[in-house]
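Student: what follows is a predicted protein model with its sequence.
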Amino acid sequence: MVNDYWKSEDYALHARYVSQLSEEVMRDLAPQRGEQILDLGCGDGVLAEVLMGLGCDVVGIDSSASLVEAARGRGVEVRLGDAQAIEDDAAFDAIFSNAALHWMLEQTALSQRVFRALKPGGRFVAEMGGTGNIAQIRAAMTGALAEIGIAFADRNPWTFPTPEEHRALLEKIGFRVTKCALRDRPTLLPTDVHGWFATFSQGILSDLDLDRREAVIDRMVELCRPELCDAAGKWTVDYVRLNFVAEKPALSEI
Ligand code: BEZ
């Protein structure tokens, strides 16, 4: 499935921190020169470009045509398509993902495909939203949509697992999980929460005409202002990160 809800310019303006705040997942990945790495949900390719600069052989996959175009503009080899449908077999030393897995609702099927796509001894290293992620944002969405008769739960595009459930899911598939940890990461926005909603809620609001969409976003902004906006007008979003490292056993271990 390919989507056109994302706009790379909006992403660069309102959400550049997504790649800037990637030290932990990049440290966990510990990329080595010459490794073949798949970047799942590579977005506009900023981190794939960093990995290429470290001498890795990188391919990205993303379902947004706009973000894929931006990534290709950076020289990244990218597949346009659904990361949940990868069909590679023992092709990668590492499969990496930053801030993308929570958009993929079929986590078991996805992780099974990742397992198959890794070489024996390969690793799946990711950062995604974890339980409690963007709770105030979701409360504002729920409230604003309820006012116009829409249930947010019916169109919630995200999954934010607990570390316990995600570890169990990965272990059941056969991964050895060496890390699966949750942390709060309140994040000061470079612009404001209107920009956040405009960037990330287009899919949820796609059936509304543009005027209605704008009115709903304005209402979401007002509903989360008391919790997320300080006296100086600065917005901080209540991100919660789940970081994990999961290894596919080497042939000698099977
Ligand atoms: C996240 O990175 O946690 C996230 C970003 C946009 C929408 C939802 C979650």
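Tutor: Right, received. Where do you want to start? Numbering: from 1, shown residues only.

Student: nearest to the ligand: which residue in this structure?
Tutor: G129 (3.3 Å; CB to the nearest ligand atom). Where you see a C-beta, it was placed from the backbone N, CA and C, and this is true even at glycine.

Student: show me what that residue is bridged to.
Tutor: R241 (DSSP bridges).

Student: that one: neighbour count?
Tutor: Per other CB atoms under 10 Å, the neighbour tally for G129 reads 21.

Student: give me the distance between it and L228.
Tutor: 16 Å (CB to CB, to the nearest Å).

Student: give me the pLDDT value at L54.
Tutor: pLDDT recorded at L54 is 97.

Student: please disregard the earlier target; I meant W6.
Tutor: 74.

Student: cool, and F175?
Tutor: On the pLDDT scale, F175 gets 98.

Student: likewise L13?
Tutor: 82.

Student: that one belongs to a strand?
Tutor: No. Judged by DSSP: H, G, I helix; E, B strand; the rest coil, L13 forms no part of a strand; its state is helix.

Student: ok, it - contacts?
Tutor: P190, T191, G195 (CB atoms under 8 Å, 6 or more residues apart in numbering).

Student: now swap in A198 and tell me
Tutor: D10, H14, I217.

Student: buried only: go through those residues for me.
Tutor: With neighbours counted using 16 or more other CB atoms under 10 Å, the contacts of A198 contain these buried positions: D10, H14, I217.

Student: name the nearest of those residues relative to D57.
Tutor: D10 (30.3 Å; CB to CB).

Student: ok, and the closest non-adjacent residue to the closest one?
Tutor: T199 (4.5 Å; CB to CB, 6 or more residues apart in numbering).

Student: returning to that earlier point: surely the residue of the chain closest to the ligand and D238 touch.
Tutor: No. Between G129 and D238 there is no contact under CB atoms under 8 Å: 10.6 Å.

Student: report the buried residues of the host helix or strand of R183.
Tutor: In the assignment (DSSP states H and E), R183 maps to strand 176-188. Buried positions in strand 176-188, judged by neighbour count with 16+ other CB under 10 Å: V177, C180, L182, R185, T187.

Student: residue ranges with poor pLDDT in the chain?
Tutor: 1-3 (pLDDT under 70).

Student: report the central residue of it.
Tutor: Nearest to the mean C-alpha position of the chain, counting by CA atoms, centre = their mean, stands A100 at 1.7 Å.

Student: now that one, nearest residue through space, not along the chain?
Tutor: G41 (2.4 Å).

Student: next, the contact list for that neighbour, please.
Tutor: I61, D62, S63, A83, S97, N98, A99, A100, L101, W103, M104.

Student: in a markdown table, list these along with distance to the ligand and secondary structure.
Tutor: Below are these laid out as a markdown table (distance: CB to the nearest ligand atom, whole Å; DSSP: H, G, I helix; E, B strand; the rest coil):
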| residue | distance to the ligand | secondary structure |
| --- | --- | --- |
| I61 | 18 | strand |
| D62 | 14 | strand |
| S63 | 14 | coil |
| A83 | 15 | helix |
| S97 | 11 | strand |
| N98 | 9 | strand |
| A99 | 4 | coil |
| A100 | 8 | coil |
| L101 | 10 | helix |
| W103 | 7 | helix |
| M104 | 12 | coil |
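
Student: select from those residues the one having the most neighbours.
Tutor: D62 (29 neighbours).

Student: what's near enough to touch that residue?
Tutor: By CB under 8 Å, 6+ apart, the neighbours of D62 are G41, C42, G43, V68, A71, V78, R79, L80, A83, A100.

Student: was I right about Q36 contacting L51?
Tutor: No. Between Q36 and L51 there is no contact under CB under 8 Å: 10.6 Å.
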